[in-house]
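Peer 1: 3D, please:
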Amino acid sequence: MKNYGRTSVHEFVGDLIVYRNLEAADRRLPRLAEAWQTVGQGEGSIPRKTELSYARVVAHLLRAARALEAPGKRLARLIFLGDTRLNDGTAFANLCAVGGWPGAAFIGAEGPEPTRVEVAERGATFLYLANRWSALGCFEGLCGERALPIDEGTAVVLDLDKTTIGARGRNDRAIDRARVEAVRQTVAGLLGDEYDTAAFEAAYECLNRPEFHSFTADNQDYLAYICLVLGSGLLGLGALVAQVHAGEMASFGQFIAAVEGQAGHLPPGLREVHGEIMGRVQAGDPTPFKAFRANEYRTTTARFGCLADEALPERMLVEEIVITQEVRELALRWRAQGALLFALSDKPDEASFPPPDLAAQGYEAIHRTATHAVGA
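Peer 2: Residues are numbered from 1 along each chain as shown. As a prediction, this is how the structure comes out:
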């Protein structure tokens with residue numbers, strides 16, 4: 001591994017990025033409400049990455065971005081870089097379908113086993129699955145062989161989290177640790193003297209497992225709130241786990257409704273927090289625990305570029321959230337060849353942009369925050 005110096009995702013993407021709320025950071029691009037009108041979907045809840053309506057909005061933004069940067073040029077193909085076959089592979093397939101584009105997707109996840117590559121054909125598209133991020137060079141060559149030139153007619157979509165930064169299998173645990181620390185800080189801050197570190201760790205580690213995703217909806221806001229309630233003593237972890245396994249507590253909605261029925265037993269401060277979260281859940285807000293997400297922004301950016309430039313790259317991969325050099329190198333080359341570079345992130349906007357107090361101190365969005373670029 002080698003350290004390639006400090007930079008930011010903004011170096012090669014600019015502000016052409018959308019986070020969870022699908023509002024482009026580049027204010028020249030259409031707002032989500034405008035995009036809904038154009039794609040004929042109508043306003044409603046913000047779609048998730050694997051939904052067709054998400055792809056329709058993103059395809060609209062890609063075309064708008066291409067018109068801004070290269071007037072008169074039409075997008076004719078799509079290249080996608082991600083880290084999960086299900087989520088990113090589905091998002092890629094949906095984008096190609098709604099855009100009418102041929103394309104290719106690289107799905108990377110570094111592992112200890114011998115180098116392995118799989119090519120999955122899907123009509124006019126293909127997935128290139130690799131267990132080395134360094135295989136991106138071979139992926140680029142295959143695109144050329146398959147008549148997918150990367151030029152002004154190409155949209156290159158970069159998944160941000162665990163691909164462009166925090167590469168899966170190499171640096172992704174740094175992202176996870178920042179999120180867990182944010183949950184811990186939030187719960188500890190609200191519980192005060194009642195906070196129990198061991199009890200929190202047991203609850204978080206237990207309920208963050210896939211077997212509980214149907215209950216937590218794999219939503220970190222929900223999980224943080226559940227840990228807060230458990231830490232208050234209103235409910236016990238063992239009893240909750242037994243209820244979930246028995247099918248008596250099947251969803252987060254059922255859980256927060258149960259807490260609402262006992263809210264009078266919560267301390268006044270927690271009762272107020274519960275009321276705020278309950279209101280946002282009822283309003284359909286997918287990120288209702290705002291205090292947690294504000295802390296996540298802080299704990300995440302604290303891991304950007306936090307080590308000295310002389311630190312070993314191997315240490316950076318453990319302690320920092322770094323930019324994946326292999327992705328950066330290709331992105332810079334492809335942009336120089338005229339391709340449109342655009343990034344997607346599932347991270348909520350509240351965890352991606354600084355709150356007012358930090359913005360006043362010069363803090364910036366995740367994609368504008370400098371860190372080291374590390375790669376093979």
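
Peer 1: can you give me the strands for this structure?
Peer 2: Ranges of strands in the chain, per DSSP state E, are 2-7, 17-18, 77-82, 103-108, 117-122, 125-130, 154-159, 323-324, 340-344, 371-375.

Peer 1: helices or strands next to the fourth one in the packing?
Peer 2: It refers to strand 103-108. Where contact means 3 or more CB pairs under 8 Å, 6 or more residues apart in numbering; DSSP states H and E, strand 103-108 is packed against strand 77-82, helix 87-99, strand 125-130, helix 136-145. Using the backbone N, CA and C atoms, a C-beta is placed for each residue, glycine as well.

Peer 1: between the second one and strand 77-82, how big is the angle?
Peer 2: Yep, that's helix 87-99 we're talking about. If you take axes from the mean of the first three to the mean of the last three CA atoms, to 10 degrees, helix 87-99 sits at 160 degrees to strand 77-82.

Peer 1: now do helix 87-99 against strand 117-122, angle only.
Peer 2: Orientation check (the same axes, to 10 degrees): helix 87-99 against strand 117-122 gives 30 degrees.

Peer 1: and for the last one?
Peer 2: Helix 136-145 runs at 40 degrees relative to strand 117-122, counting by the same axes, to 10 degrees.

Peer 1: now do helix 136-145 against strand 154-159, angle only.
Peer 2: Interaxial angle of helix 136-145 relative to strand 154-159 (the same axes, to 10 degrees): 150 degrees.

Peer 1: convert the C-alpha atoms of helix 136-145 to CSV, please.
Peer 2: Extracted in CSV, the C-alpha atoms of helix 136-145 (Å, rounded to 0.1, in the frame of the first residue of the first chain):
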residue,chain,number,x,y,z
LEU,A,136,-10.1,-1.8,-11.7
GLY,A,137,-7.4,-1.5,-14.4
CYS,A,138,-8.5,-4.8,-16.0
PHE,A,139,-12.1,-3.7,-15.8
GLU,A,140,-11.2,-0.5,-17.7
GLY,A,141,-9.6,-2.7,-20.4
LEU,A,142,-12.6,-4.9,-20.7
CYS,A,143,-14.9,-1.9,-21.2
GLY,A,144,-12.7,-1.0,-24.2
GLU,A,145,-13.0,-4.5,-25.6
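
Peer 1: in it, what's buried?
Peer 2: Using 16 or more other CB atoms under 10 Å as the test for burial, helix 136-145 gives 136, 139-140, 142-143.

Peer 1: all good on my end, thank you.
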